[in-house]
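J.: Sequence and predicted structure are below.
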Amino acid sequence: MSDDADAPQRGQRPRTDSPLKFPLALVLTLALAACDTVTDPMRSDARPAPPPLAAPVRPIAELLPIALAARPPVEKGDFRAPDLVELNVLDPTIHLDIRYASTNNFIGAPLYQQARAFLQRPAALALLRVQRSLAAEGYGLLVHDGYRPWYVTKIFWDAMPPEQHIFVADPAEGSRHNRGCAVDLTLYDLATGRAVQMPSEYDETSERAYPAYAGGTAGQRRLRDLLRRHMEAEGFTVYEFEWWHFDYRDWKHYGIQNVRFEDLGIAR
């Protein structure tokens with residue numbers, strides 16, 4: 001889903017590509033609602049997906065051509081040539097649930113025309129090693145998002161009212177998703193093919209989403225920590241406010257990309 005901006009200020013929560021920290025009243029409402037739900041740590045359908053958290057200030061259909069006509073910021077640096085690899089082509093046992101290709105996301109509208117996921121090749125190969133190591137423990141990876149074209153980050157920004165810009169990545173800076181070195185993901189059970197349940201839902205805007213959250217069930221925390229342990233072993237770092245978001249260690253070596261999924265072909 002989201003990622004921290006490239007240069008957050010000390011003592012402030014970095015901007016992300018989706019709103020993560022809404023007013024306290026909203027967080028408390030979500031938390032209280034969760035207390036009324038009995039969940040099974042192995043079920044992904046035990047709790048309904050959260051509703052959209054923000055209505056776009058303008059229809060996405062109007063914002064899309066504006067974003068496509070815009071240009072990413074000019075960056076200085078000696079960046080590696082992009083080499084995006086399609087994750088489930090690399091390994092079909094990596095499953096996809098691309099939320100931004102559906103209405104099941106914080107903005108309530110599809111942003112991608114195709115449900116696909118890509119990473120720069122070193123990150124993709126590292127993720128493949130994670131997939132293989134997890135298989136020995138009975139789990140696989142379920143990816144929600146990977147490389148995100150810059151124009152989508154601009155749509156997020158333009159769709160949010162100005163007072164909520166602190167919750168989304170500034171397109172003037174870009175994001176690690178734009179660089180093809182960030183991935184949002186969870187686990188699925190190899191025996192059933194079903195997503196496991198973590199302490200929070202994907203894109204949830206409460207403290208339950210924090211990687212160090214001490215609540216939830218022991219089973220949920222075990223699975224969250226299992227994912228983190230395997231990802232960190234292959235050079236990924238978890239984002240401090242989202243258990244599902246991981247940045248690959250080489251992200252600084254890649255520039256912001258703005259190629260649409262439709263133009264990538266089959267990336268092996």
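T.: Great, that's in hand.
J.: Which elements pack onto the host helix or strand of Leu226?
T.: Here Leu226 sits within helix 218-232, counting by DSSP states H and E. Packing contacts for helix 218-232, counted by 3 or more CB pairs under 8 Å, 6 or more residues apart in numbering; DSSP states H and E, involve helix 121-135, strand 182-189, strand 236-239, strand 242-248. Placement of C-beta: from N, CA and C, glycine included.
J.: What strands flank the third one, and is each parallel or antiparallel?
T.: Spelled out, that is strand 236-239. strand 242-248 (antiparallel) (DSSP bridges).
J.: Other residues contacting the strand it pairs with?
T.: 1-4, 16, 20, 119-120, 122-123, 126, 144, 176, 181-186, 198-200, 202, 209-211, 213, 224, 227-228, 231, 235-239 (CB atoms under 8 Å, 6 or more residues apart in numbering).
J.: Can you give me the buried ones in it?
T.: Neighbour-count burial for strand 242-248, counted by 16 or more other CB atoms under 10 Å, picks out Glu242, Trp243, Trp244, His245, Phe246, Asp247, Tyr248.
J.: Ok, stretch 165-181 next?
T.: 166-171, 173-181.
J.: Would you work out how far apart the start and end of that stretch are?
T.: 23 Å (CA to CA, to the nearest Å).
J.: For that stretch, what does the pLDDT average out to?
T.: Averaging pLDDT along stretch 165-181 gives 90.
J.: Show the contacting residues for Phe261.
T.: Tyr112, Gln113, Gln114, Arg116, Phe118, Pro149.
J.: where along the chain do the strands fall?
T.: 84-86, 95-96, 118-120, 139-145, 182-189, 236-239, 242-248 (DSSP state E).
J.: from the buried residues of stretch 165-181, which two are the most distant?
T.: Greatest spacing in those, by CB to CB: Ile166 and Gly180 (25.1 Å).
J.: hang on, the earlier thing: pLDDT of the helix holding Leu226, averaged?
T.: Helix 218-232 comes out at a mean pLDDT of 98.
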